[in-house]
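In: turn this into a model:
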Amino acid sequence: MKLKNIFLLAIVTCFVNIAISQEGLPIYTDYLTDNYYLIHPSMAGVANCAKVRLTARQQWFGQDDAPKLLTLNINGRIGDTPSGIGGILYTDKNGYHSQSGAYFTYAHHLMFSRSEADLNMLSFGLSAGIIQYKLDETTFLFDGPDPIIDGIVQSETNFNIDFGFSYHFLDFYLHGTVKNVLENAGVNSDTNITSNLRRYLLSTGYVFSKFDSTWSYEPSLMFQYRDATKEASIDFNAKVYKEMDFGKIWAGLSYRNSFDGAEYITNSGAINSQRLQQFTPILGLNYNEFMFAYNYTHQTNSVVFTNGGFHQFTLGYNFACKREKYSCNCPAVN
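Out: Numbers count the residues shown, from 1 in each chain. Predicted coordinates:
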C-alpha cells in the first residue's frame, strides 16, 4: 500500500515525528552518536579534534515515500584561537513534503581553566541557514481542480538562525539552544500556521567513572519545547563506554516521552488518548580516528502506522587534533 494513499498520514506523521516537515532539521536521537553539534551550534569546535559526521535515517522500511533523512556536518577550531566554525548540509523527505538546508556556524569558547588539567569552558554559537521547502501537489487532483491546490511542486526558500550556549565543567555539561528564531511561512499561504517554528532545547548530563577505570557511564536528559503549539517532550538517556587499545566501544538507550497526547477511537467506539513514546538502543565504536554508530527507534504507542522501526547509521572521522586532551571524562570534548 502506498503511503500517499493513506488518509491518516498527516496525523500519524505528526505523532511519530515531533518535528514537522517544515521546521528545519528534525531532531531525533542522532545527537547521542557523538553529534551534539547537529542540534547545538555552540558545540562547533569545542572538541580536541575537528569532526565530520554523516548520518542516514530511514523510517518504515517497505513503505513507499516513507520519511528519510540524510545529514552531513563538519566542525572544528580555527587554528589555536578560541573560535570554532562548522557547517551542516541535510535533506529530509516526508511524504509529499521535502526540504533541504545548509547552515554555517560560528562559535566562541571562553576558557576559565588555567591548564589542561581541568575543564571549565563556556561557549556561544550562532548558526545561519538557508532552507528550501517543497510540497509536491502533482498527484493531489484526483477529483478535479481545487481552488487551493495548484497541482504543481510548490517551492519556497527561507532564511533562519539558531543560537545557543554550552557549559562544560569537568565531567558535567549543559547546553541550551533556540532554533528557528526568525518567522517564515514555508510553502503555506497561511502564515498563521507555520510562521512561528521556534523550538527550545535544553540538554544536560554527567559522566561517571572510577579512578583508573576503563569504564565510564553517562546519564543525560534533553528537553524540547515548541513555541507555537506548546508541545513538549523529554529524552532520558544512558550510555556506557569501555576504553580499548584501539579506541572505545559504547552502547546506550534513549527513551523519548511527550507531555502532550492525541485522541483516537478504538474498535469498540471508545475514545482513548496516547502520547508519543519511543525507545532507542544505540551501539557505537571508535576505532582510532573513525567512528561508527547505529541506533534503532521503536514506538510503543497503541496506534502506529506500522510496527517497523526507524534505522539510523552514523559514520564519523576525527582529524586535525591539535590540543592535549583534558583530564576529565568528557567524550564530546576529548
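In: looking at strand pairing, list the partners for the residue nearest to Thr300 when sequence neighbours are not counted.
Out: Sequence neighbours aside, Gln277 is the residue nearest to Thr300 in space, at 4.6 Å (criterion: CB to CB, 6 or more residues apart in numbering). Quick note: C-beta positions are derived from backbone N, CA and C, even for glycine. Bridge pairing for Gln277 (DSSP bridges) gives the partners Asn257.
In: equivalent analysis for the one 5 residues further on, please.
Out: Going by DSSP bridges, Ile282 is paired in beta bridges with Gly252, Asn295.
In: one step back: for the residue nearest to Thr300, give its distance to Thr55.
Out: Look at Gln277 and Thr55: by CB to CB, to the nearest Å, they are 23 Å apart.
In: surely His298 meets Tyr255?
Out: No: using CB atoms under 8 Å, His298 is not in contact with Tyr255, being 10.5 Å away.
In: mind listing what Tyr173 touches?
Out: Residues near Tyr173 by CB atoms under 8 Å, 6 or more residues apart in numbering: 166-167, 203-206, 330, 332.
In: could you do Leu182 as well?
Out: Leu182 makes contact with 159-161, according to CB under 8 Å, 6+ apart.
In: with Thr177 instead?
Out: Contacts for Thr177 (CB under 8 Å, 6+ apart) come out as 39-42, 162-165, 200-201.
In: 6 Å - rerun?
Out: By CB atoms under 6 Å, 6 or more residues apart in numbering, the contact set of Thr177 is 40, 164, 201.
In: neighbour-wise, which of those leads?
Out: His40 (30 neighbours; other CB atoms under 10 Å).
In: that one against His175, yeah?
Out: Yes: contact status for His40 versus His175: in contact at 4.5 Å, counting by CB atoms under 6 Å.
In: got the confidence number for Phe223?
Out: For Phe223, the pLDDT comes out at 97.
In: let me see the mean pLDDT of stretch 232-246.
Out: For stretch 232-246, mean pLDDT is 96.
In: buried ones from the contacts of Tyr173, can you make that a PyMOL selection?
Out: To isolate the buried ones among the contacts of Tyr173 in PyMOL, judged by 16 or more other CB atoms under 10 Å, type:
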select buried, resi 166+167+203+205+206+330+332
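In: closest to Ala232 among the contacts of Tyr173?
Out: Nearest to Ala232 out of these is Ser203 (CB to CB; 14.3 Å).
In: elements contacting the helix or strand where that closest one lies?
Out: Element membership for Ser203, per DSSP states H and E: strand 199-206. For strand 199-206, the packing partners by 3 or more CB pairs under 6 Å, 6 or more residues apart in numbering; DSSP states H and E come out as strand 172-179, strand 215-226.
In: so which of the ones you listed is the most surrounded?
Out: Ranked by mean neighbour count, the helices and strands packed on strand 199-206 are led by strand 172-179 with a mean of 20 (mean count of other CB atoms under 10 Å).
In: just checking: what are the partner strands of that one?
Out: strand 153-169 (antiparallel), strand 199-206 (antiparallel).
In: okay, angle between the shortest one and strand 215-226 too, please.
Out: Between strand 199-206 and strand 215-226, the angle formed by their directions is 160 degrees, by axes from the mean of the first three to the mean of the last three CA atoms, to 10 degrees.
In: could you dump the strand or helix carrying Tyr133 to CSV, C-alpha only?
Out: Per DSSP H and E: Tyr133 is located in strand 120-136. Extracted C-alpha coordinates of strand 120-136, given in CSV (Å, rounded to 0.1, in the frame of the first residue of the first chain):
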residue,chain,number,x,y,z
ASN,A,120,35.9,24.9,32.7
MET,A,121,34.6,26.3,29.5
LEU,A,122,31.6,28.5,28.4
SER,A,123,30.7,28.5,24.7
PHE,A,124,28.3,30.5,22.5
GLY,A,125,27.3,29.6,19.0
LEU,A,126,25.2,31.1,16.1
SER,A,127,24.1,29.2,13.0
ALA,A,128,22.6,30.9,9.9
GLY,A,129,20.8,28.7,7.4
ILE,A,130,19.1,28.6,4.1
ILE,A,131,16.2,26.1,3.9
GLN,A,132,14.3,25.1,0.7
TYR,A,133,10.8,23.7,1.4
LYS,A,134,8.9,21.7,-1.3
LEU,A,135,5.4,20.4,-1.5
ASP,A,136,4.5,18.0,-4.3
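In: so which bits of stretch 45-53 are buried?
Out: Residues 45-51, 53 are the ones in stretch 45-53 that count as buried (16+ other CB under 10 Å).
In: quick one: which of those sit in strands?
Out: Per DSSP state E, strands hold the following members of the buried residues of stretch 45-53: 50-51, 53.
In: can you put the residues you listed in a markdown table and add distance to Thr229 and pLDDT?
Out: A markdown table is the format used below for these (distance: CB to CB, whole Å; pLDDT from 0 to 100):
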| residue | distance to Thr229 | pLDDT |
| --- | --- | --- |
| Ala50 | 37 | 96 |
| Lys51 | 33 | 97 |
| Arg53 | 29 | 97 |
